[in-house]
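Q: Structure of the sequence below:
(chains A, B, C and D)
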Protein chains: 2
Amino acid sequence: MPRDTLTADRIVRAAIELLDDEGLDGLNMRSLAKRLGSAPTAVYWHIKTRDDLVRLAADAIWHEVELPDLDATDWRTAATAHATGMHAMLTRHPWLGQAFSSHLLYGPGKARHDDLSLALYEKAGFAADDADRAAATVFIFVIGSALGHAIELSLKHRLSRNGADAEQLMADAVTRAAETARQFPRLRERLGTTAATEYAAAPDNTFTFGLQSLLDGFEARLAADRASRRD
Amino acid sequence: MPRDTLTADRIVRAAIELLDDEGLDGLNMRSLAKRLGSAPTAVYWHIKTRDDLVRLAADAIWHEVELPDLDATDWRTAATAHATGMHAMLTRHPWLGQAFSSHLLYGPGKARHDDLSLALYEKAGFAADDADRAAATVFIFVIGSALGHAIELSLKHRLSRNGADAEQLMADAVTRAAETARQFPRLRERLGTTAATEYAAAPDNTFTFGLQSLLDGFEARLAADRASRRD
DNA sequence: GTAGCTCTCGAACAAAGTGCAAGACCTTTC
DNA sequence: GAAAGGTCTTGCACTTTGTTCGAGAGCTAC
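A: The predicted model follows:
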């Protein structure tokens, strides 16, 4: 009957599609199986548990991000390119942030980028331990930036599960949030400006602003280090 | 029979304890009820849904963070104090990061701090929209810094549910991660140094490093703005 | 004491992860 | 070409967990 059989690879790809569509808790074995055209339990022959599937999916998408060439450009250009690439990837797969906060994600896909990050910040002039910290800081900021997008998806799916109108419930939640915000002068001031809640719809250029501020901060620290070493 | 009845407040406090102990997915209505000494369904008279409970708990803990006095100190001291206070709170309640990535968290507790943040960065010299971005950037970084702690708790609880030895399984996972890391020069170099995986056990001073870098970056940007305005 | 409100409880349902054993399909070997 | 054994799929069933519902217990006001 089955002309083409399941493979771990096909399952992971389908899982990524599902995760993109419905967020981390939209991924369940029954709807995954439906997407694959198989029985829910067929998946278990190829993949041990749902957690493993999440880990595999989370590592696979790292390959979408290009590694910048450290020899071709200065470190700052490379750092901007790398962080921006990660940010773009996370915008396509916002569930990675959710997965990151509940699963232990290791694997070659991410390790490759970790290694490059370290090389990058060592080239910038940081000592090994400070390069660690710089890389971790940028990583944390990039992951955190994507969390807002994750909520929208996750929430939309969760709300519509109960049959209710997700848009309506979402709008209600935003209205209630606005009411709370109205009681604080600076938040009230911004109610018209910012589309939804403070963080969920944070303007896109918050990412650029934050990243450039971070890199400015790194440069300042490097300059200070050089100055103190010269004494 | 019930000499002292349940209240929403008591439930929220118990929920926070449970969340602190076992992470976001350790909070389930049955073990919450056990902690309260009541039937699982008794809670529903006071709180609509589990999601609501998470929202209430997530907002309540914001009151643990002290608001710095903006008139008493310069902005940078205030910003450091505020971010450090948030970081300390998140270390006590690491599940907030997880909750943040799957629930729409609004409420007076957080709004109070959002408002103060905006005031702080406006006082530093940022225009309204840049103050927004600065506040969001710091918030993202602080939340992200706590995600590592959340995983440990979450994972420990999830692994031990199946009866197995959580410590052992955790150690296995770390070993596998180390094996992956060994294939990359800069990661291999650090294998002895860093305790566990790259991010989970990120040294505590990564937070300080990142925060100070960010604030340095803000100062640089403010100085540049002032310079360009003087022309 | 009795009506009505507040609150608790137990039974029960639905969604979802997953183990198990039976079987279907495919490849290899004689 | 048939038997054997590995590869893969499936249906059944069990468990955990959120949640609904209706019955009832306790308390308060008259």
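
Q: Quick check: which ranges of chain A have low pLDDT?
A: Under the criterion pLDDT under 70, the flagged ranges of chain A are A:1-3, A:162-164, A:193-203.

Q: Tell me the residues on it that lie near DNA strand C, please.
A: Within chain A, the positions lying close to DNA strand C (Cβ under 7 Å from any atom of the strand) are A:1-3, A:27-31, A:40-41, A:44, A:49-51, A:161. C-beta here means a position set from N, CA and C on the backbone, and glycine is covered the same way.

Q: farthest pair in the residues you listed?
A: Largest separation among those by Cβ to Cβ: A:Arg3 and A:Arg161, giving 33.8 Å.

Q: And the helix or strand hosting A:Gly217, what's buried?
A: In this assignment (DSSP states H and E), A:Gly217 forms part of helix A:205-230. For helix A:205-230, burial by neighbour count (16 or more other Cβ atoms under 10 Å in any protein chain shown) applies to A:206-207, A:209-222.

Q: what two of those residues are the furthest from one another?
A: The most widely separated members of the buried residues of helix A:205-230, counting by Cβ to Cβ, are A:Thr206 and A:Leu222 (24.6 Å).

Q: measure the residue of chain A most remote from its centre to A:Ala124 for me?
A: Distance from the centre of chain A peaks at A:Asp231, with 42.5 Å (Cα atoms, centre = their mean). Distance, A:Asp231 to A:Ala124, by Cβ to Cβ, to the nearest Å: 21 Å.

Q: now do A:Ser117
A: With distances taken as Cβ to Cβ, A:Ser117 is found 11 Å from A:Ala124.

Q: Counting neighbours, go ahead and name the busier of those two.
A: Under the criterion of other Cβ atoms under 10 Å in any protein chain shown, the comparison of A:Ser117 against A:Ala124 puts A:Ser117 first, with 25 against 20.

Q: ok, and the closest non-adjacent residue to the more buried one?
A: Computed as Cβ to Cβ, 6 or more residues apart in numbering or on different chains, the closest residue to A:Ser117 that is not its neighbour in sequence is A:Ala135, at 3.8 Å.

Q: do A:Leu19 as well
A: Distances taken as Cβ to Cβ, 6+ apart place A:Trp95 nearest to A:Leu19, at 4.6 Å, with adjacent residues excluded.

Q: hang on, the one you found packs against A:Leu18?
A: No: using Cβ atoms under 8 Å, A:Trp95 is not in contact with A:Leu18; the gap is 9.6 Å.

Q: neighbour count winner among the two?
A: The residue with more neighbours, out of A:Trp95 and A:Leu18, is A:Trp95; 30 against 20, by other Cβ under 10 Å.

Q: In contact with the more buried one, which residues?
A: Contact analysis of A:Trp95 by Cβ atoms under 8 Å, 6 or more residues apart in numbering or on different chains lists A:19-20, A:23-24, A:27, A:150, A:153-154.

Q: same thing with A:Arg112?
A: Residues near A:Arg112 by Cβ under 8 Å, 6+ apart: A:62, A:67, B:184.

Q: Mind doing that once more with 7 Å?
A: Listed by Cβ atoms under 7 Å, 6 or more residues apart in numbering or on different chains, the contact set of A:Arg112 reads A:62, B:184.

Q: Check which helix or strand it maps to.
A: helix A:108-124.

Q: and A:Ile47, which of the three is it?
A: Here A:Ile47 is recorded as coil under DSSP: H, G, I helix; E, B strand; the rest coil.
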